[in-house]
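In: Test case, fold it:
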Amino acid sequence: MQTAASHLDRCEYERKDDAWVEEQWSAAGSLLLSVDETGHVACTDDRRGVADRRPSGDYDPQRHYLLGRWRGAAVFAVLAAAEPSAGLRTLLPVLDDAGRELVLAAVALVNWHRTSPHCGSCGALTRVTTGGIVRHCDNCNRDRFPRSDPAIIVAVLDANDRLLLGHQVVWPTGRMSILAGFVSAGESLEQAVRREVAEETGVRVAAVRYLSSQPWPFPRSLMLGFIARAAGDELNVDGVEIEHARWFSRDELAEATSNGEVALPGSGSIAQGIIDDWRTGSLPRPEG
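Out: Reported below is the predicted structural model:
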């Protein structure tokens with residue numbers, strides 16, 4: 001699964017000019033994406049597109065966050081309820097790559113401002129600068145930036161090219177996916193892959209290879225995709241996060257999904273992209 005090139009010019013240098021950012025608010029073609037406190041985004045009535053709304057009223061640098069320029073026009077995000085609206089799990093499968101990038105950026109940035117208004121060092125209330133990508137603490141004289149929590153997601157293959165899928169205890173019956181977990185402090189990504197796979201399924205990983213990544217603001221994760229080769233195929237699930245796991249051949253997975261036994265991740269997710277690449281035989285093999 002290859003990550004597409006960015007469709008959003010984040011205007012790294014231009015956004016340092018407050019007057020320029022304010023001009024973009026009222027410029028021709030500018031857009032405003034509303035994101036509510038639950039992370040739902042204003043959308044079209046059929047919930048298959050992002051609401052095409054122009055900014056109105058005065059620009060407020062503490063509330064209106066510049067995502068960047070998209071197709072030559074500025075796009076802002078704001079924390080505000082709107083109807084109709086939909087969550088990312090509804091929108092990501094139906095949007096194109098550019099649309100996904102916009103809503104992921106909007107939800108991530110709005111959530112950061114909503115949940116992290118105070119300085120992490122002194123506790124003082126910070127103020128928004130740089131068009132919305134920085135919060136400055138006047139008390140500490142420090143800049144605060146949006147945070148992403150790294151998480152790995154991995155397609156584990158055995159010697160027969162079977163794919164390992166697991167069912168989390170909190171998921172609906174039948175739902176299965178490749179394994180994932182957060183990276184611990186002081187841990188490399190490859191170490192996290194090996195640890196998570198071993199902890200959840202008892203499988204030891206012999207080789208690991210990076211694939212691609214996807215922002216996943218639930219609430220602020222960055223999913224880092226890998227493929228791994230298992231040293232063996234014996235399973236011993238933890239029963240805490242993973243309730244059961246199973247190795248699938250391509251034919252077995254096709255049959256299980258067609259008869260409703262297994263439900264796979266939704267379209268637009270990195271998990272779905274990696275699984276699809278395995279099913280078509282286009283995943284690179286890990287080395288080692």
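
In: Quick check: Arg175 vs Phe248, distance?
Out: In this view, Arg175 and Phe248 are 14 Å apart by Cβ to Cβ, to the nearest Å. In this view, the C-beta of every residue, glycine as well, is placed from N, C-alpha and C.

In: out of those two, which sits in the busier spot?
Out: Phe248 (20 against 14; other Cβ atoms under 10 Å).

In: Identify the bridge partners of the residue nearest to that one when sequence neighbours are not counted.
Out: Using Cβ to Cβ, 6 or more residues apart in numbering and skipping the chain neighbours, the partner closest in space to Phe248 is Leu163 (5.2 Å). Beta-bridge pairing for Leu163 (DSSP bridges): Leu157, Phe248.

In: Could you verify my assumption that Leu163 touches Val154?
Out: No - using Cβ atoms under 8 Å, Leu163 is not in contact with Val154, being 10.6 Å away.

In: What is the neighbour count of the closest residue in space to Arg162 that isn't next to it in sequence?
Out: Closest residue to Arg162 apart from its sequence neighbours, by Cβ to Cβ, 6+ apart: Trp247 at 4.1 Å. Using other Cβ under 10 Å, the number of residues around Trp247 comes to 18.

In: Trp247 is in contact with Asp161, isn't it?
Out: No - using Cβ under 8 Å, Trp247 makes no contact with Asp161, being 10.0 Å away.

In: OK, contacts around Arg142?
Out: Going by Cβ atoms under 8 Å, 6 or more residues apart in numbering, Arg142 touches 119, 121, 136.

In: Closest one to Arg195 out of those, please.
Out: Among the contacts of Arg142, Ser121 lies closest to Arg195 (Cβ to Cβ), at 30.5 Å.

In: which ones are touching the residue nearest to the closest one when sequence neighbours are not counted?
Out: Nearest residue to Ser121, sequence neighbours excluded (Cβ to Cβ, 6+ apart): Cys140, at 5.4 Å. Cys140 is in contact with 119, 121-122, 124, counting by Cβ under 8 Å, 6+ apart.

In: What is the neighbour count of Pro61?
Out: Neighbour count for Pro61, taken as other Cβ under 10 Å: 17.

In: who does the most centrally placed residue in the chain bridge with?
Out: Centroid-nearest residue in the chain, with Cα atoms, centre = their mean: Trp216, separated by 1.4 Å. Assessed by DSSP bridges, Trp216 has beta-bridge partners Ser221.

In: Relative to its centre, which residue of the protein is most distant?
Out: The chain, farthest from centre, Cα atoms, centre = their mean: Asn139 at 32.6 Å.

In: show me where the stretch 51-200 of the chain has strands.
Out: 65-70, 73-79, 85-86, 127-129, 134-137, 142-144, 149-157, 163-168, 179-182 (DSSP state E, counting those that start in this stretch).

In: Who are the packing partners of the lowest-mean-pLDDT helix or strand in the chain?
Out: Lowest by mean pLDDT, DSSP states H and E among the helices and strands of the chain is helix 88-91, with a mean of 92. Helix 88-91 is packed against helix 97-115, with contacts defined by 3 or more Cβ pairs under 8 Å, 6 or more residues apart in numbering; DSSP states H and E.

In: Please save the CA atoms from stretch 136-154 in PDB.
Out: Taking Å, rounded to 0.1, in the frame of the first residue of the first chain, the C-alpha atoms of stretch 136-154 are listed here in PDB:
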ATOM      1  CA  HIS A 136       2.100  29.700  22.400                       C
ATOM      2  CA  CYS A 137       2.500  29.900  26.200                       C
ATOM      3  CA  ASP A 138       3.200  33.500  27.200                       C
ATOM      4  CA  ASN A 139       4.100  32.400  30.700                       C
ATOM      5  CA  CYS A 140       6.800  29.900  29.600                       C
ATOM      6  CA  ASN A 141       7.500  31.700  26.300                       C
ATOM      7  CA  ARG A 142       7.300  28.300  24.600                       C
ATOM      8  CA  ASP A 143       5.500  27.000  21.500                       C
ATOM      9  CA  ARG A 144       3.400  23.900  21.600                       C
ATOM     10  CA  PHE A 145       2.700  21.800  18.600                       C
ATOM     11  CA  PRO A 146       0.100  19.200  17.700                       C
ATOM     12  CA  ARG A 147       1.000  15.800  19.000                       C
ATOM     13  CA  SER A 148       0.600  12.400  17.200                       C
ATOM     14  CA  ASP A 149       0.800   9.100  19.100                       C
ATOM     15  CA  PRO A 150       2.700   6.500  17.000                       C
ATOM     16  CA  ALA A 151       1.000   3.100  16.600                       C
ATOM     17  CA  ILE A 152       2.100   0.200  14.500                       C
ATOM     18  CA  ILE A 153      -0.200  -2.000  12.300                       C
ATOM     19  CA  VAL A 154       1.200  -5.100  10.800                       C
END
